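Enquirer: missing the sequence, but the structure's below:
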């Protein structure tokens, strides 16, 4: 089945540690995205990538980093510089803008808690 | 002004009633509009998308778009308790990303 796989689903981290969230898709989509969601809030864009080896900052990129070495993979690193990292992180993909409707397909999410 | 605005709710309706969810957006260049449903603790799932003025129906769901007034709405007919969720409005403004509203929480009581 085609889809997006995020891991881990739950992650606990001590303050000062970097953590990396995995996102893999087998939909052959060009575009991939990372969103953050806080309780009672909408989705805020962290980073997005339209093509391999290229990515753009979203609205809240500070304290995060990404890479896009393969079309299928878009890992997100939450660094110790992120002041309030406890949140629900969602990875998504879409057919490159200009093709299709722009619909996003989401993974199941990763819930990060900083202790 | 937020790019995409929704009333956070909760919107409470009895089972069988019509639920009406509204969303306004600020960018007149916005091209396509999406409604996602999100159950608590889960990821969003697409309900409908629309990009032409007017109504688009899919089963119990109807999306309505009025570009002149810059609003998009979602009607849910014959609401069921299983429809209780947060509904996120998202707008594609022609750039390479969707902008989401904060969502409206819908509660359907039996």
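Expert: Here it is on my side, so go on. Fair warning: this is a prediction, and the values are worked out from it, not measured in the lab. Numbers count the residues shown, from 1 in each chain, chains lettered A, B, ... in the order given.

Enquirer: measure residue A:69 to chain B for me?
Expert: According to CB to the nearest CB, to the nearest Å, residue A:69 stands 20 Å off from chain B. All C-beta spots, glycine's among them, are computed from the backbone N, C-alpha and C.

Enquirer: name the residues that touch the helix or strand of chain B with the lowest mean pLDDT?
Expert: Lowest on mean pLDDT, DSSP states H and E among the helices and strands of chain B sits strand B:98-100, with a mean of 88. Residues from elsewhere that reach strand B:98-100 (CB atoms under 8 Å, 6 or more residues apart in numbering or on different chains): A:35, A:42-45, A:102, A:104, B:3-4, B:25, B:34, B:36, B:88-93.

Enquirer: switch to 10 Å and redo it
Expert: Applying CB atoms under 10 Å, 6 or more residues apart in numbering or on different chains, the contact partners of strand B:98-100 are A:33, A:35, A:37, A:41-45, A:48, A:59, A:92, A:94, A:102-104, B:2-4, B:6, B:25-27, B:30, B:32-34, B:36, B:44, B:88-93.

Enquirer: which of those fall within strands?
Expert: A:33, A:35, A:37, A:43-45, A:48, A:92, A:94, B:4, B:25, B:32-34, B:36, B:88-92 (DSSP state E).

Enquirer: any idea how far the most centrally placed residue in chain A lies from chain B?
Expert: Nearest to the mean C-alpha position of chain A, by CA atoms, centre = their mean, lies residue A:34 at 2.7 Å. Separation of residue A:34 from chain B (CB to the nearest CB): 11 Å.

Enquirer: so residue B:63 makes contact with residue B:57?
Expert: Yes - Residue B:63 is within contact range of residue B:57, at 8.0 Å (criterion: CB atoms under 10 Å).

Enquirer: which residues are in contact with both of the two?
Expert: Common contact partners of residue B:63 and residue B:57 (CB under 10 Å, 6+ apart): B:48, B:75.

Enquirer: between the two, which one's more packed in?
Expert: Legend: neighbour count by other CB atoms under 10 Å in any protein chain shown for residue B:63 and residue B:57, higher for residue B:63 (23 against 12).

Enquirer: dig out what the more buried one forms beta bridges with.
Expert: With DSSP bridges applied, residue B:63 shows beta-bridge pairing to residue B:56, residue B:74.

Enquirer: give the contact list for it.
Expert: B:21, B:33-35, B:47-51, B:54-57, B:72-75, B:89 are the contacts of residue B:63 under CB under 10 Å, 6+ apart.

Enquirer: near chain B, which residues of chain A?
Expert: Residues of chain A lying close to chain B by CB under 10 Å from any CB of the partner chain are A:4, A:6, A:31, A:33, A:35, A:37, A:40-45, A:48-50, A:56, A:58-59, A:88, A:90-92, A:94, A:96-98, A:100-109, A:111.

Enquirer: buried subset of these?
Expert: Among the residues of chain A next to chain B, those classed as buried by 16 or more other CB atoms under 10 Å in any protein chain shown are A:4, A:6, A:31, A:33, A:35, A:37, A:42-45, A:48-50, A:58, A:88, A:90-92, A:94, A:97, A:102-107, A:109.

Enquirer: remind me which residues of the chain are low pLDDT?
Expert: Just so you know, I chose chain A. With pLDDT under 70 as the threshold, chain A has low-confidence stretches at A:1, A:97-101.

Enquirer: my bad, chain B
Expert: Scanning chain B for pLDDT under 70 picks out B:1, B:94-96.
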